[in-house]
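>>> Here you go, sequence then predicted model.
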Protein chains: 2
Amino acid sequence: MKSSEALTTIFREQGLRVTPQRQEIFRLLDGDDSHPTVESLFDRARAHMATISLKTVYQTVHDLEALGEVRVLDLGTGSVRVDPNVEDDHHHLLCTACGLVRDLPVELDGLHVPIRYRRDFTVDDVQVIFRGRCDHCSDRV
Amino acid sequence: MKSSEALTTIFREQGLRVTPQRQEIFRLLDGDDSHPTVESLFDRARAHMATISLKTVYQTVHDLEALGEVRVLDLGTGSVRVDPNVEDDHHHLLCTACGLVRDLPVELDGLHVPIRYRRDFTVDDVQVIFRGRCDHCSDRV
DNA sequence: TGCTTGTCGACAAGCATTGTCGTTAGTGTG
DNA sequence: CACACTAACGACAATGCTTGTCGACAAGCA
Ligand SMILES: [Mn+2]
Ligand SMILES: [Mn+2]
Ligand SMILES: [Zn+2]
Ligand SMILES: [Zn+2]
């Protein structure tokens, strides 16, 4: 994801308005590798702006997604996760105990559909989810 | 998934009751590789049993899942898919246009977390989703 | 047959997300 | 800086999928 300043320019170029709410979300997402839910973004934004609405956070996230500045991941955890890292191709480790999502910055070799199964299907995208337990949750029996 | 007759025995052994509703669901799932949603199972069951409820279908699917007889997949399509194929390790192709889910009966080589990223994480399971377009949806521009 | 208890279906509620809408405020222009 | 245009705002209700509640029922067993 680009910087808050760069996003301001991009949004204006697209005819989208840059509001204090949106700038707050830009700042929160910049450099965040925690893959937050929209709700948790909302909570953090609300700490600074008491009146911001959940709807606004959803809308801004969707706008960022449409511009290719974030990726919205559905990892089957109930709510979607926002991933500002669109620069590096990567997959994810998901702790099924605490919900932690960690990047796996690796191009997995051999990850393609064998020819005999690729027939009659055009693959656009591959998503790999490694489920397990993070170190913190492994300790707890 | 085992046959309807075998499931009847297993359910009784577990203290679960075998009702006409459950047997209908056993029959519908046996050999079905379409990865139906619970709702679509409900619709098909209702064609034979007018009064069966959606709740009952959910409950039976969860019981089958607890016994390891089906897998419940969340592919990010809104509703979960029921997969009676628990015998063969496989992944999935998902058509993002029509929702079709096709098995990819392949152990993908090289699909493991590189050692330096595996540290501090215990992997239990890997899910791979290839998203794209099926032949039918590729034709339609 | 009769008892016990898991299951049934109707209904309402839960959760994440989106639609509606009247009001507010960002933006480019002059 | 004032203006006009219109996107975005927040409050609220609604959606879609799934689960909880509960009284009635019936499967299984003796
Ligand atoms: Mn990521
Ligand atoms: Mn399958
Ligand atoms: Zn954890
Ligand atoms: Zn298709």
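Yes, it's here. Ligands and ions are numbered 1, 2, ... in the order given.
>>> The longest strand along chain A vs strand B:121-134, what angle?
Ranked by number of residues, the top strand in chain A under DSSP state E is strand A:121-134. Note on geometry: by axes from the mean of the first three to the mean of the last three Cα atoms, to 10 degrees, strand A:121-134 and strand B:121-134 are set 160 degrees apart in direction.
>>> May I have strand A:121-134 as CSV, with CA atoms only?
Taking Å, rounded to 0.1, in the frame of the first residue of the first chain, the C-alpha atoms of strand A:121-134 are listed here in CSV:
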residue,chain,number,x,y,z
PHE,A,121,-10.4,-24.1,-16.4
THR,A,122,-8.6,-20.8,-16.5
VAL,A,123,-6.8,-20.1,-13.2
ASP,A,124,-6.6,-16.4,-12.2
ASP,A,125,-5.4,-16.7,-8.7
VAL,A,126,-4.1,-19.1,-6.1
GLN,A,127,-4.8,-18.8,-2.3
VAL,A,128,-2.9,-21.0,0.1
ILE,A,129,-3.8,-21.0,3.8
PHE,A,130,-1.7,-22.9,6.2
ARG,A,131,-3.7,-23.5,9.4
GLY,A,132,-2.1,-24.4,12.7
ARG,A,133,-1.0,-22.9,15.9
CYS,A,134,1.3,-20.0,16.6
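>>> Tell me the first helix or strand C-terminal of that strand.
Moving toward the C-terminus from strand A:121-134, the first helix or strand encountered (DSSP states H and E) is helix A:135-139.
>>> buried stuff in that following helix?
When burial is assessed from 16 or more other Cβ atoms under 10 Å in any protein chain shown, helix A:135-139 yields the following buried residues: residue A:137. (Glycine included, C-beta is placed from N, CA and C.)
>>> and that helix, average pLDDT?
Computed over helix A:135-139, the mean pLDDT rounds to 89.
>>> tell me how far it is from the chain's mean position?
Centroid displacement of helix A:135-139 relative to its chain, using Cα atoms, centre = their mean, to the nearest Å, is 24 Å.
>>> if you look at that helix, does any of it touch ligand 3?
Yes: applying Cβ under 5 Å from the ion, one finds helix A:135-139 in contact with ligand 3 at residue A:137.
>>> Extract the CA atoms of that helix and return them as PDB.
Included here for helix A:135-139 are C-alpha records, laid out as PDB according to Å, rounded to 0.1, in the frame of the first residue of the first chain:
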ATOM      1  CA  ASP A 135       4.100 -20.400  19.200                       C
ATOM      2  CA  HIS A 136       2.000 -18.600  21.800                       C
ATOM      3  CA  CYS A 137      -1.000 -20.900  21.400                       C
ATOM      4  CA  SER A 138       1.200 -24.100  21.100                       C
ATOM      5  CA  ASP A 139       2.500 -23.400  24.700                       C
END
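>>> what's the domain layout of chain A?
Taking automatic domain parsing as the domain assignment, the ranges for chain A are A:4-83, A:91-140.
>>> closest to residue B:89 out of those?
domain A:91-140 (14.3 Å; Cβ to Cβ).
>>> mind checking the end-to-end distance for the closest one?
End-to-end distance for domain A:91-140, by Cα to Cα, to the nearest Å: 26 Å.
>>> what's next to the top helix by length along chain A, contact-wise?
Looking across chain A with DSSP state H, the single longest helix is helix A:54-66. Where contact means Cβ atoms under 8 Å, 6 or more residues apart in numbering or on different chains, the residues beyond helix A:54-66 that reach it are A:1, A:7, A:11, A:16, A:21-22, A:25, A:29, A:38-39, A:41-42, A:45, A:70-72, A:82.
>>> List the buried residues of the strand or helix carrying residue A:43.
When elements are assigned from DSSP H and E, residue A:43 belongs to helix A:38-48. For helix A:38-48, the neighbour count (16+ other Cβ under 10 Å) marks A:38, A:40-42, A:44-45 as buried.
>>> Any chance of these in a markdown table with distance to residue A:102 as columns?
Supplementary listing: the buried residues of helix A:38-48 in a markdown table, determined by distance: Cβ to Cβ, whole Å:
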| residue | distance to residue A:102 |
| --- | --- |
| A:38 | 20 |
| A:40 | 16 |
| A:41 | 18 |
| A:42 | 23 |
| A:44 | 20 |
| A:45 | 24 |
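>>> ok, now how distant is residue A:39 from ligand 2?
Between residue A:39 and ligand 2 the computed distance is 31 Å (Cβ to the ion, to the nearest Å).
>>> Give me the contact status of the longest strand of chain A with chain B.
Yes: under the criterion of Cβ under 8 Å from any Cβ of the partner chain, strand A:121-134 makes contact with chain B via A:121-134.
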